[in-house]
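**Student:** fold the following.
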Amino acid sequence: MSAKGTPGDVHGAGRLVRFGPSGAGARRAVIGLHGRGAGAEDMGGLVQSLGFPDLPVFAPEAAGRTWWPTSFLAPTATIKPHVEAAVRAVDRALAVAEEEGYRPRDIVLLGFSQGGCLALEYAARRGYPFAAVFGLSAGLIGTADAAGPSSADLYGHAPKRFDYDADLTGLPVRISVHAQDPHIPLRRARDSADVFTAAGAAVELAVEPGVGHGLTEGDVVALRAALNA
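**Tutor:** Numbering: from 1, shown residues only. The predicted structure follows:
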């Protein structure tokens with residue numbers, strides 16, 4: 001299916017792919033957000049590979065298969081239009097899921113890499129009571145540039161502000177990252193966990209030792225538990 005956006009919306013004409021049986025017969029549904037260079041089918045395939053072929057998955061696809069054209073650590077002005085368009089793409093996916101009878105509390109919001117950053121950002125901005133939120137190999141994007149110099153622990157980028165006002169009390173959030181992830185600084189993952197904790201979320205920050213950028217065994221276990229709940 002095609003998503004309908006507004007004029008000038010970079011992701012407004014992107015696909016929204018639905019996987020799984022039709023109707024609202026399942027207890028859980030997934031909104032799956034792909035990483036850079038991937039696509040909607042990757043998220044449907046991920047959920048199926050976890051052993052849930054009958055779980056409905058609503059997967060929006062970014063224009064050009066990238067939600068924003070550079071690092072999520074880049075200055076806000078560089079990526080803001082793309083991030084806002086990406087958030088609207090998730091809005092549209094949620095609206096379709098709700099039309100089928102799924103409420104946010106029935107839905108696991110799942111994203112990897114760029115999609116993981118988008119999942120975390122969406123949860124922080126919108127404040128919906130999802131069943132769970134997974135930001136895998138991810139961190140918050142932020143709402144604005146913050147004062148301060150660029151630093152090595154942000155991979156040469158300056159800090160961001162995290163001015164969210166949603167009450168996330170009790171929201172289960174898993175943020176996972178490798179200790180030496182080439183794209184996601186450990187500092188940003190930790191800062192993101194702190195932001196969600198301050199908003200009342202039930203946060204699990206999972207740091208995998210070593211170098212890497214991908215799902216871990218712990219991610220798989222946590223995902224299966226959330227999808228089985």
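**Student:** residues contacting Val83?
**Tutor:** 67-68, 118, 121, 141 (CB atoms under 8 Å, 6 or more residues apart in numbering). C-beta here means a position set from N, CA and C on the backbone, and glycine is covered the same way.
**Student:** identify the spatial nearest neighbour of Trp176, chain neighbours not counted.
**Tutor:** Residue 176: Ser, not Trp. Leaving out its chain neighbours, the residue that sits closest to Ser176 by CB to CB, 6 or more residues apart in numbering is Ala206, at 4.2 Å.
**Student:** go on, Thr143?
**Tutor:** In space, Thr143 comes closest to Asp163 once its chain neighbours are excluded; the distance is 4.6 Å by CB to CB, 6+ apart.
**Student:** please identify the helix or strand for the most far-flung residue of the chain relative to its centre.
**Tutor:** Summary for the chain: using CA atoms, centre = their mean, the residue whose C-alpha lies farthest from the chain's mean C-alpha position is Pro149, with a distance of 27.1 Å. Using DSSP states H and E, Pro149 falls within no helix or strand.
**Student:** just the pLDDT for it.
**Tutor:** We note a pLDDT of 95 for Pro149 in this prediction.
**Student:** and the residue positioned nearest the centre of the chain, what element?
**Tutor:** Against the mean C-alpha coordinate of the chain, by CA atoms, centre = their mean, the closest residue is Ala119 at 1.8 Å. Following DSSP H and E, one finds Ala119 within helix 114-126.
**Student:** who touches the residue nearest to Ala199 when sequence neighbours are not counted in this structure?
**Tutor:** Leaving aside its sequence neighbours, Ala199 sits nearest to Leu168 (CB to CB, 6+ apart; 4.1 Å). Contacts here follow CB under 8 Å, 6+ apart; on that basis Leu168 touches 123-124, 127, 196, 199-201.
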